[in-house]
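Chemist: Based on what follows, work out the 3D shape:
(one chain, ligands or ions: 1)
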Amino acid sequence: MDNYKKIIEEIYLDVKNVDDIGKVANYIPELAHIDENNFGVHLTSINKLSFGFGDCNKKFSIQSVSKILSLTLAYKFEGAKLWDRVDVEPSGNPFNSLLQLEADFGKPRNPFINAGAIVICDVLVSHLKNPKKDFLEFCREISDNKNINYNEKVAESEKISGFRNVALCNFIKSFGNIKNDVDDVLDFYFHICSIEMTCKELSEIFLFLADEQYINKKGESILTESQAKRINAIMLTCGFYDESGEFAFRVGLPGKSGVGGGIVAIHPDEYCITVWSPKLNKKGNSYKGMLFLEKFTTKTVSSIF
Ligand SMILES: NC(=O)CC[C@H](N)C(=O)O
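Modeler: Take a look at the predicted model:
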């Protein structure tokens with residue numbers, strides 16, 4: 001990995017100049033205010049490499065990338081019982097689709113589409129005394145970083161415009177797969193999506209998925225080896241909604257995107273790499289982020305395949 005820094009810098013400069021045909025998400029009004037030219041990358045490796053380029057130290061809205069964190073905590077609480085509430089199959093549909101839920105009797109296809117993430121939030125609301133506070137505490141603890149926070153403006157903006165998520169949550173509740181009050185579950189979901197982090201912070205917090213020996217400051221492991229394997233598997237097959245196949249095909253790593261323009265990708269046993277560029281392609285994934293990671297795994301020959 002000695003040459004990674006040079007390769008990443010070259011690709012960064014190359015992709016920076018590419019004409020970006022994507023568009024910043026504006027269905028959550030607060031997200032539209034971002035400077036669309038932001039572009040940052042950061043890599044953190046198990047063998048202690050840590051470097052980034054561009055806007056890698058600017059906070060941004062991690063949106064659906066947070067779904068890995070909520071899944072991790074729910075999986076810790078529930079173990080394999082969790083899969084009775086949410087499946088592990090790619091949906092092949094947009095992230096906010098309602099289409100399959102009726103045929104599937106309210107059991108979402110996977111924890112990374114909105115429907116699945118809302119069920120995961122319901123599981124956490126059942127387990128946590130003070131969900132918003134306790135979840136933030138969990139994130140701060142696993143990354144040893146007190147500087148992780150919600151962006152209340154973004155959470156509020158999504159609350160007043162999140163009609164589809166409100167519909168999803170109510171629809172799932174009609175099948176009995178939401179146990180708590182719909183407003184409480186959605187308030188928690190909108191807050192989780194509003195978490196802000198930098199590329200550097202993101203590449204640090206997810207190192208536990210690359211390193212099976214990973215333990216936090218308190219000496220506790222975050223997930224068992226088998227649980228980490230499974231979360232990586234769901235990231236590979238479902239992390240990019242109806243573009244998950246394309247991401248595996250072009251990049252070849254487990255990963256997860258968010259409509260804030262962030263992407264996290266894991267190479268098990270090696271590194272976590274993150275990229276942020278707010279303009280999204282038609283499927284809601286960062287246009288330059290995908291391009292950067294494709295060039296990165298190609299040049300370094302470091303996909304998992
Ligand atoms: N893909 C995403 O990042 C979607 C998250 C966003 N908060 C939503 O619920 O629509």
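Chemist: Get me the contact residues on the stretch 151-300 of the chain for the ligand.
Modeler: Within the stretch 151-300 of the chain, the positions lying close to the ligand (Cβ under 6 Å from any ligand atom) are 158, 165, 193, 258-259, 284. C-beta here means a position set from N, CA and C on the backbone, and glycine is covered the same way.
Chemist: any low-confidence regions in the stretch 151-300 of the chain?
Modeler: 217 (pLDDT under 70).
Chemist: make it 80
Modeler: 212-220 (pLDDT under 80).
Chemist: what about stretch 116-130 and the ligand, touching?
Modeler: No: using Cβ under 6 Å from any ligand atom, stretch 116-130 never reaches the ligand; the gap is at least 7.6 Å.
Chemist: can you list contacts of that stretch?
Modeler: Stretch 116-130 is touched from outside by 64, 67, 70-71, 73-74, 77-78, 82, 85-87, 108-111, 131, 134-135, 165, 168-169, 172, 177-180, 184-186, 188-189, 192, with contacts defined as Cβ atoms under 8 Å, 6 or more residues apart in numbering.
Chemist: Over to stretch 19-30?
Modeler: For stretch 19-30, contacts defined as Cβ under 8 Å, 6+ apart pick out 31-32, 34, 36, 151, 153-154, 156-158, 161-162, 259-261, 277-281, 284, 286-288.
Chemist: go with 7 Å
Modeler: 31-32, 34, 36, 153-154, 157-158, 161, 259, 278-281, 287-288 (Cβ atoms under 7 Å, 6 or more residues apart in numbering).
Chemist: closest to the ligand among these?
Modeler: Each of the contacts of stretch 19-30 was scored against the ligand by Cβ to the nearest ligand atom, and residue 259 proved nearest at 3.6 Å.
Chemist: residues contacting that closest one?
Modeler: 25, 31, 63-64, 280, 284.
Chemist: ditto for residue 4
Modeler: Here residue 4 is in contact with 43, 49, 300 (criterion: Cβ under 7 Å, 6+ apart).
Chemist: Look at the residue lying closest to the last one once chain neighbours are set aside and say how many residues are nearby.
Modeler: Distances taken as Cβ to Cβ, 6 or more residues apart in numbering place residue 7 nearest to residue 300, at 5.8 Å, with adjacent residues excluded. Applying the criterion other Cβ atoms under 10 Å, we find 15 residues in the vicinity of residue 7.
Chemist: and whichever strand or helix holds residue 7, C-alpha only, in PDB?
Modeler: Using DSSP states H and E, residue 7 sits within helix 4-16. Output of helix 4-16 as PDB, limited to C-alpha atoms (Å, rounded to 0.1, in the frame of the first residue of the first chain):
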ATOM      1  CA  TYR A   4      -1.600   4.400  -2.400                       C
ATOM      2  CA  LYS A   5      -1.100   8.000  -1.400                       C
ATOM      3  CA  LYS A   6       0.400   9.000  -4.800                       C
ATOM      4  CA  ILE A   7      -2.200   7.100  -6.700                       C
ATOM      5  CA  ILE A   8      -5.100   8.600  -4.700                       C
ATOM      6  CA  GLU A   9      -3.700  12.100  -5.300                       C
ATOM      7  CA  GLU A  10      -3.400  11.500  -9.000                       C
ATOM      8  CA  ILE A  11      -6.900  10.100  -9.300                       C
ATOM      9  CA  TYR A  12      -8.300  12.900  -7.100                       C
ATOM     10  CA  LEU A  13      -6.800  15.600  -9.400                       C
ATOM     11  CA  ASP A  14      -8.000  13.800 -12.500                       C
ATOM     12  CA  VAL A  15     -11.600  13.300 -11.300                       C
ATOM     13  CA  LYS A  16     -11.700  16.900  -9.900                       C
END
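Chemist: For that helix, the averaged confidence score.
Modeler: Averaging pLDDT along helix 4-16 gives 97.
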